[in-house]
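Student: Here you go, sequence then predicted model.
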Amino acid sequence: MEKQKITVVALGAGNRMNTYAAYAKSHPDELTMVAVVEPDEWRRQHFARQYQIPDTACFADWRDFFCREKMADAVFVCTPDNEHYEPTLKALERGYDVLLEKPIAQSWRQCLDIVECARKNGRMVAVCHVLRFHPYFLKLREVVRRGSLGELISVNHIENVGIERMTHAFVRGLWRKESETNPMILSKACHDLDLLVWLTGRKCLDVSSYGSLKWFRKENAPQGSTLRCIDGCAVESVCPYSAVDLYLRRKRWLRHFNVASDRNIEDIISDELHTGPYGRCVYHCDNDVVDHQVVIMQMEEGVTVTFSMEGFTKEPSRKTHVMCSYGEVFGDERQLTVRYFQAHRPDEVFDFSSVAGECNYHGGADLSIVANFVEALQKRDESLLLTDIESSLESHRIAFEIERKRLS
């Protein structure tokens, strides 16, 4: 039986949308992009060219798009965090199913509104918690759940954000201000909170949290620094956070720059360093999100979880240590080791180094989440969704409570 081809409208045409839309290139018989909504003209046109979207199906504003008759089965919402809520509600009201980039919204009430709207209109919403689809984390959960390690006792989890991502995204970049996006514990770590709920299979009863914006503040700026790294800064050559070094010398983290084909990359980087947000000194930005945070969670059945989100690490990584009554399992996304307390039972080691990192769609997880969404729509069976919005609510509830506790 031939599968139904799912038609999709792209709301947003940035990095995440281009990642998820790539599924249409590898599976053209299952998915096709039929419209794009993106305020940035270069990104809108670039996306339209890739997927042969006509000018009549290209929109600069999602409000204009929703004034039209329904033109697809689903909408992928990959807009900035502060533009998830209204477009998602409108999509559901107009009869679209939704693949929604995390986090769901900016408040607990908004999250509940989206759930209620989906129920009312009989629509599906999947949230892009890609860690549930990653081979490493799937194996970790399988090991914990299979019972050979006995009862789950506690979990220690660390998200090392990595200093480059920290300065690029959360000091200079799009997620630097809580009012414009979300608290960092939600905008960055809702993946990890979702992972911990999914891994333990338990709800959270209580939390405590500490953290702050300790370092990237103007009072910590070294003598001789300037507002922009390129403006004769006396310490630029030795500064570990130099924008000149990150973007110009090493050509790192350019994916949020609009690299038009008719412009030289050096000119684009120069413009950014001289006038754009990414050229600013990290001590002189308008950022207010934390640069480190620790969380303690009391789960059901006496299980405890500690979670640490750290901006000050050389490399980005996640490290997890799960302790059970008959053994333990620990790993760093590259290797997973299972150790039993019984002396006669040998260690088990699983290697995932070949699928580590983001360059391969998070070990294929980015494309797997789209495949799961497509299958659920084809069969009109919401139970097939592995990251349906209702199962994603718990991690968001925890995040909002964590931030309330941290501030109070």
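Tutor: Perfect, I can see it now.
Student: hey, what's Tyr340 bridged with?
Tutor: With beta bridges defined as DSSP bridges, Tyr340 has these partners: Gly327.
Student: Assess the claim that it and Tyr326 are in contact.
Tutor: Yes: Tyr340 is within contact range of Tyr326, at 6.3 Å (criterion: CB atoms under 8 Å). For glycine as for every other residue, the C-beta is placed from the backbone atoms N, C-alpha and C.
Student: shared neighbours, the two?
Tutor: Residues touching both Tyr340 and Tyr326 comprise Ser148, Leu149, with contact defined as CB atoms under 8 Å, 6 or more residues apart in numbering.
Student: Would you mind telling me which of these two has the busier surroundings?
Tutor: Neighbour totals were compared for Tyr340 and Tyr326, and Tyr340 leads with 18 against 13 (other CB atoms under 10 Å).
Student: can you tell me how far the more buried one sits from Glu328?
Tutor: The spacing between Tyr340 and Glu328, counted by CB to CB, to the nearest Å, is 9 Å.
Student: Now the common contact residues for the two.
Tutor: Going by CB under 8 Å, 6+ apart, residues that sit against Tyr340 and also against Glu328 are Leu149.
Student: Would you agree Arg217 is in contact with Val282?
Tutor: No: here Arg217 lies out of contact with Val282, judged by CB under 8 Å, at a distance of 9.5 Å.
Student: out of these two, which sits in the more crowded spot?
Tutor: Neighbour totals were compared for Arg217 and Val282, and Val282 leads with 25 against 16 (other CB under 10 Å).
Student: List the contacts of that one.
Tutor: Thr167, Val171, Arg172, Phe216, Tyr241.
Student: burial count for the third one?
Tutor: What it means is Arg172. The criterion is other CB under 10 Å. On that basis, Arg172 has 26 neighbouring residues.
Student: which sections of the protein are below the confidence cut-off?
Tutor: The chain contains residues with pLDDT under 70 at 1-2, 259-262, 357-361.
Student: can you give me the helices for it?
Tutor: In the chain, helices defined by DSSP state H lie at 15-26, 41-50, 62-65, 85-93, 108-121, 135-145, 163-170, 184-187, 190-200, 243, 265-275, 365-379, 389-407, listed in chain order.
Student: among those helices, which is nearest Val75?
Tutor: Using CB to CB as the criterion, the shortest distance between Val75 and the helices of the chain is 4.3 Å, found for helix 85-93.
Student: buried sites along that closest one?
Tutor: Taking 16 or more other CB atoms under 10 Å as the basis for neighbour counts, the residues of helix 85-93 that come out buried are Tyr85, Pro87, Thr88, Leu89, Lys90, Ala91, Leu92.
Student: which helices and strands sit right next to that helix?
Tutor: Applying 3 or more CB pairs under 8 Å, 6 or more residues apart in numbering; DSSP states H and E, one finds that helix 85-93 makes contact with helix 62-65, strand 74-77, strand 97-100, helix 108-121.
Student: Mind putting those into JSON lines with mean neighbour count and distance to Lys379?
Tutor: Conversion of those to JSON lines gives the following (neighbours: other CB atoms under 10 Å; distance: least, CB to CB, whole Å):
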{"stretch": "helix 62-65", "mean neighbour count": "16", "distance to Lys379": "27"}
{"stretch": "strand 74-77", "mean neighbour count": "26", "distance to Lys379": "14"}
{"stretch": "strand 97-100", "mean neighbour count": "25", "distance to Lys379": "12"}
{"stretch": "helix 108-121", "mean neighbour count": "16", "distance to Lys379": "18"}
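Student: can you list the ones you listed in JSON lines and add distance to Val9?
Tutor: Conversion of those to JSON lines gives the following (distance: least, CB to CB, whole Å):
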{"stretch": "helix 62-65", "distance to Val9": "7"}
{"stretch": "strand 74-77", "distance to Val9": "5"}
{"stretch": "strand 97-100", "distance to Val9": "10"}
{"stretch": "helix 108-121", "distance to Val9": "16"}
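Student: Quick check: which of those is nearest to Lys3?
Tutor: Of all the helices and strands packed on helix 85-93, strand 74-77 comes closest under CB to CB, at 14.8 Å.
Student: Can you list the neighbours in contact with that closest one?
Tutor: Outside strand 74-77, the residues within contact range by CB under 8 Å, 6+ apart are 6-12, 17, 20-21, 84, 87-88, 91, 96-101, 373, 377.
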